[in-house]
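1. With the sequence up front, the predicted model follows.
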Amino acid sequence: MSKHTRTIMITGGAGFIGSHVVRLFVNTYSSYLVVNADALTYAGNLENLKDVEKAANYRFEKADITDAAAIEALFEKYAFDAVIHLAAESHVDRSIIDPLAFVKTNVLGTVNLLNIARRYWANSETKMEGKRFMHVSTDEVYGSLGEEGFFTEETAYDPRSPYSASKASSDHFVMAWYHTYKLPVVMSNCSNNYGSYHFPEKLIPLMINNIVNNKSLPVYGKGENVRDWLFVEDHARAIDVIFHNGRTGEKYNVGGFNEWKNIDLVHLLCKIMDAKLGRPEGTSAKLITYVTDRPGHDMRYAIDASKLNRELGWKPSLQFEEGLEKTVDWYLQNGDWIKHVTSGDYQHYYQEQYAKR
């Protein structure tokens with residue numbers, strides 16, 4: 001009999017958000033066995049989890065969610081009673097260049113997981129009792145807002161990019177498996193995250209790294225696009241509480257109640273970085289350049305997370321300026337991590353280590 005009270009598969013656990021979720025679960029729930037299943041694509045980096053890689057209740061398995069045989073083998077090996085699904089292609093610009101890669105991972109990969117979980121759990125002694133499939137999604141499925149209003153759980157889907165369309169599709173399949181097969185699902189849709197271990201093609205780490213290296217700071221259009229920002233550790237806590245206490249078949253929006261225009265955010269980062277680097281104020285702002293806006297660029301996202309607060313008691317723990325300073329400090333103190341990621345060396349090193357197992 002297993003010594004663990006629960007065995008959880010976390011897909012995409014070597015990624016930005018996933019690594020924070022893995023760390024939280026490994027450190028908080030010693031009686032759980034946490035299995036990180038990640039394909040280790042460009043955004044998957046086991047360096048993100050060096051602090052827990054030797055924990056007794058943690059395992060890593062290199063696996064692609066689109067590979068049915070690999071996922072079925074993991075279910076046979078570990079007898080998962082829960083899945084927290086974060087694995088996804090997530091960069092809008094990449095989705096515009098290669099949309100089929102997003103369809104494969106985000107849509108077919110999700111359906112693959114749903115199918116295998118359903119079959120495995122339906123054939124188990126306890127059937128669906130005590131099982132849970134949590135799907136982690138994005139606010140981008142809702143489309144674009146005007147100057148007023150917020151996305152709620154009842155907002156109609158209106159995706160505008162290949163990325164958001166692929167995530168919207170995966171959301172619909174998750175809810176279809178709940179209604180058709182009674183799979184015990186719960187879902188979250190979150191706003192933009194920021195924090196440590198963020199792949200440096202994304203806005204905040206890109207700007208930090210470019211400022212350090214005196215490179216231009218590219219801002220789309222006039223920088224007037226508005227995003228709601230949430231500290232990644234607060235998102236991990238939200239996933240924790242939704243996974244454990246969310247109502248089956250429900251979805252919960254997760255947001256920071258924290259809207260910023262891109263250009264205002266970049267100026268704030270410049271100010272923080274000048275202070276941290278001992279440069280005269282205004283030095284970094286001179287690096288700002290405006291570039292042609294990307295196709296289908298949503299103007300404004302804003303999440304209403306009041307359902308999550310009302311039903312499950314979650315709320316953000318940090319004010320944005322405080323979280324941003326913590327984020328800047330982390331990147332300035334972890335230059336080796338940034339060098340490994342931007343050079344791609346991390347992929348070669350960890351692939352070699354994995355091959356030796």
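-> On my side now, so go ahead.
2. what about the single longest helix found in the chain, distance to the chain center?
-> Ranked by residue count under DSSP state H, the longest helix found in the chain is helix 162-181. Once both centres are worked out by C-alpha atoms, centre = their mean, to the nearest Å, helix 162-181 turns out to sit 17 Å from its chain's centre.
3. before we move on, what about stretch 70-89?
-> Distance, centroid of stretch 70-89 to centroid of chain: 17 Å (C-alpha atoms, centre = their mean).
4. Now do that stretch: distance from first to last residue.
-> Using C-alpha to C-alpha, to the nearest Å, one end of stretch 70-89 lies 19 Å from the other.
5. Report the mean per-residue pLDDT for that stretch.
-> For stretch 70-89, mean pLDDT rounds to 97.
6. Pull out the buried positions in that stretch.
-> With burial defined by 16 or more other C-beta atoms under 10 Å, the residues of stretch 70-89 counted as buried are 70-71, 74-75, 78, 80-89. C-betas here are computed from N, CA, C, even on glycine.
7. Show me where the protein dips below the pLDDT cut-off.
-> 1-2, 343-357 (pLDDT under 70).
8. hey, where'd the helices end up in the stretch 101-250 of the chain?
-> Applying DSSP state H, counting those that start in this stretch to the stretch 101-250 of the chain gives helices spanning 109-122, 162-181, 203-212, 232-245.
9. Turn those into JSON lines, including distance to residue 342 and mean neighbour count.
-> Putting the helices of the stretch 101-250 of the chain into JSON lines (distance: least, C-beta to C-beta, whole Å; neighbours: other C-beta atoms under 10 Å) gives the following:
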{"stretch": "helix 109-122", "distance to residue 342": "27", "mean neighbour count": "21"}
{"stretch": "helix 162-181", "distance to residue 342": "22", "mean neighbour count": "20"}
{"stretch": "helix 203-212", "distance to residue 342": "7", "mean neighbour count": "21"}
{"stretch": "helix 232-245", "distance to residue 342": "20", "mean neighbour count": "21"}
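10. Now find how far off-centre stretch 289-306 is within its chain.
-> Averaging C-alpha positions (C-alpha atoms, centre = their mean) puts stretch 289-306 18 Å from its chain's average.
11. Now do the buried residues in it.
-> 296, 298, 300-305.
12. Pull the most distant pair out of the residues you listed.
-> Largest separation among these by C-beta to C-beta: 296 and 305, giving 25.2 Å.
13. Farthest-apart pair in the buried residues of stretch 70-89, please.
-> Maximum pairwise distance among the buried residues of stretch 70-89 (C-beta to C-beta): 27.3 Å, between 81 and 89.
14. residue at max distance from the center of this structure?
-> Distance from the C-alpha centroid of the chain peaks at residue 280, with 35.0 Å (C-alpha atoms, centre = their mean).
15. So that residue, which state does it fall into?
-> What DSSP: H, G, I helix; E, B strand; the rest coil gives for residue 280 is coil.
16. pretty sure residue 10 belongs to a helix, no?
-> No. Per three-state DSSP, residue 10 lies outside any helix segment and is strand.
17. For it, which non-adjacent residue is spatially closest?
-> Leaving aside its sequence neighbours, residue 10 sits nearest to residue 84 (C-beta to C-beta, 6 or more residues apart in numbering; 4.8 Å).
18. which residues does that neighbour contact?
-> Neighbouring residues of residue 84 by C-beta atoms under 8 Å, 6 or more residues apart in numbering: 8-11, 21, 134, 136, 239, 243.
19. How much space separates residue 210 from residue 200?
-> Remark: distance between residue 210 and residue 200 (C-beta to C-beta, to the nearest Å) = 9 Å.
20. For the protein, which segments are assigned as strands?
-> 6-11, 32-38, 58-62, 82-85, 132-138, 185-190, 192-194, 217-220, 226-231, 251-254, 259-261, 288-291 (DSSP state E).
21. just to revisit the earlier point, out of the helices of the stretch 101-250 of the chain, which is closest to residue 49?
-> helix 232-245 (12.9 Å).
22. Now tell me what touches that closest one from outside.
-> Outside helix 232-245, the residues that reach it (C-beta under 8 Å, 6+ apart) are 16-17, 20-21, 23-25, 28, 82, 84, 132, 134, 136, 186, 188, 190, 193-198, 252, 254, 256, 308, 312-314, 316-318.
23. In ChimeraX, how would I select the buried members of those?
-> Applied in ChimeraX, the following selects the buried portion of these according to 16+ other C-beta under 10 Å:
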select :16,17,20,21,23,24,25,82,84,132,134,136,186,188,190,193,194,195,196,197,198,252,254,256,308,312,314,316,318
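24. OK, contacts around residue 167?
-> By C-beta under 8 Å, 6+ apart, the residues touching residue 167 are 88, 106, 137-138, 140-141, 159.
25. Tell me the bridge partners for the residue found closest to residue 256 once you drop the neighbours it is linked to in the chain.
-> Among residues not flanking residue 256 along the chain, residue 230 sits closest, at 3.6 Å (C-beta to C-beta, 6+ apart). Using DSSP bridges, the beta-bridge partners of residue 230 come out as residue 193.
26. count of neighbours near residue 230?
-> By the criterion of other C-beta atoms under 10 Å, residue 230 has 27 neighbours.
27. what sits against it?
-> The contact partners of residue 230, by C-beta under 8 Å, 6+ apart, come to 190-194, 254-256, 258, 316.
28. quick one: it from residue 246, how far?
-> 17 Å.
29. okay but residue 248 is in contact with residue 184, surely?
-> Yes. Between residue 248 and residue 184 there is a contact under C-beta atoms under 8 Å: 4.9 Å.
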